[in-house]
Every structure is written in structure tokens, then in C-alpha cells.
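Undergrad: here is my input; please provide its structure:
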Amino acid sequence: MSATLLLVIATVLISIAAWRNESLMDRWIMNPYAVAKRGEYYRLVTSGFLHADYGHLFFNMFSFFSFGQALEGVFTILFGDLGGVVFVLFYIAGIIVSDIPTLLKYRDQSRYNSLGASGGVSAVIFAMILLNPFMSLQLIFIPIPIPGFIFGFLYLGYSYYASRQGASGINHDAHLYGALFGMLFMAVAYPASLPAFAEQLSAWRPFSR
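TA: Reported below is the predicted structural model:
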């Protein structure tokens, strides 16, 4: 069984358990005040295995599984037998790193909470975009497939704008910083990915036959 599938199963089971156990949800959700004032740093990880509802859970896990299987295969090539372990650590690191800006911003607000795997999922998606910028993405609200790098630029731009507005109820900072972490990690772990990405983009002719 792949590490990707194990993470999906764990996330689904923990999310459902937390919906049925309010105490578990309260203990594991990302509460910056509890992390900063009480040293409950484990919340930076556990919150990534919690979701608000079935729609939130399905969207994150479907996206993660779609890209995670491919990226886990890349990690196996890069790191050999440790590829699965490195992939899990990378995913969890994406969750943690993506939550740090939220921790710093809301550390004095005891009522602020955040949850979801979006930071880790964004890290996985954007690591794959760096490796394969022309991977085809089919979005519900766009009837035709679009190249991954175009989706990436739009996603980062929107996340930056929305995070500055701060009124949507969605932690866009986690999306933004998770995505940046994923690309940075891949650029360091596989340095050839960055010039290859630039070369592919420079050769792109959107309307050529």
C-alpha cells in the first residue's frame, strides 16, 4: 500500500472521528493562541488531519491522491527505498510550514481556529507542477483542461489577494505558503527541476499546431 493511500485513509478516519467527538476536534484543531501561549505545537500537525465537512475532506483528499501517487513515484526515484518516508515527511512539513504564518498572525486571538490538509496538498500539487508544468488540470468551473503552470500562477495570485482581504473564512495563507514550500523543496531536492521548468516554459507556444 502506498504512503499516499495510507495518508488518505488516516485523514478520512481521523476527520470522521473528530466530527463524532467534539473533544478530539477541540484538542487537535489549529488554535494559534494555544500553540503560542500553551506550547501545544502538535496542533500544527494534527490540524492537517481534520476537516470541516465531507465536501472539504473529499476535495482535499481527491486532489492529494491525484497528485500524490505521481509525486511519491518521483520521490522513490530520487530517494530509493526511503522515497515513501521522505514523501510522508514532505507532506507533513508542508502542513506545518503553511500554518506558521497563521500562527504568527493570530497568536493573540484565542477564538481563531483553522483546520484542513490544504497546506500539505498545495505542497504536493505545486511540487508536481514544477516537475511537469504542462500537466493537464481539469477544473469543475473551467470546461477545458488547462496547463498546470497557468493554474499555479492563478492560484498563487488569488491566494495572495484573498489572504490580504481576510474576510472569506478560508485560510488562504496556508494554500499560498504550502504551494511555495512545495516548489522550493523540489527545487532543492532535485536542482535540475528548476532549469527544466524554465526551459519548458520558454519553449511554450500556446497557439502553435
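Undergrad: quick one: residue 184 is in a strand?
TA: No - going by DSSP: H, G, I helix; E, B strand; the rest coil, the assignment for residue 184 is helix, not a strand.
Undergrad: counting contacts, what elements does the helix or strand that contains residue 44 pack onto?
TA: Using DSSP states H and E, the element containing residue 44 is helix 43-46. When contacts are defined as 3 or more Cβ pairs under 8 Å, 6 or more residues apart in numbering; DSSP states H and E, helix 43-46 packs onto helix 22-28, helix 32-38, helix 83-106. Any C-beta I mention is one placed from the backbone N, CA and C, and that applies to glycine too.
Undergrad: which one of those lies nearest to residue 187?
TA: Residue 187 sits nearest to helix 83-106 of all the helices and strands packed on helix 43-46, at 13.0 Å, using Cβ to Cβ.
Undergrad: now the helix or strand that comes right after that closest one: mean pLDDT?
TA: Downstream of helix 83-106, the first helix or strand assigned by DSSP H and E is helix 118-131. Helix 118-131 shows a mean pLDDT of 92.
Undergrad: what's the distance between stretch 144-158 and the middle of its chain?
TA: How far stretch 144-158 lies from its chain's middle: 15 Å, per Cα atoms, centre = their mean, to the nearest Å.
Undergrad: so what touches that stretch?
TA: With contacts defined as Cβ atoms under 8 Å, 6 or more residues apart in numbering, stretch 144-158 is touched by 126, 128-129, 132-139, 172, 175-176, 179-180, 197, 201, 204.
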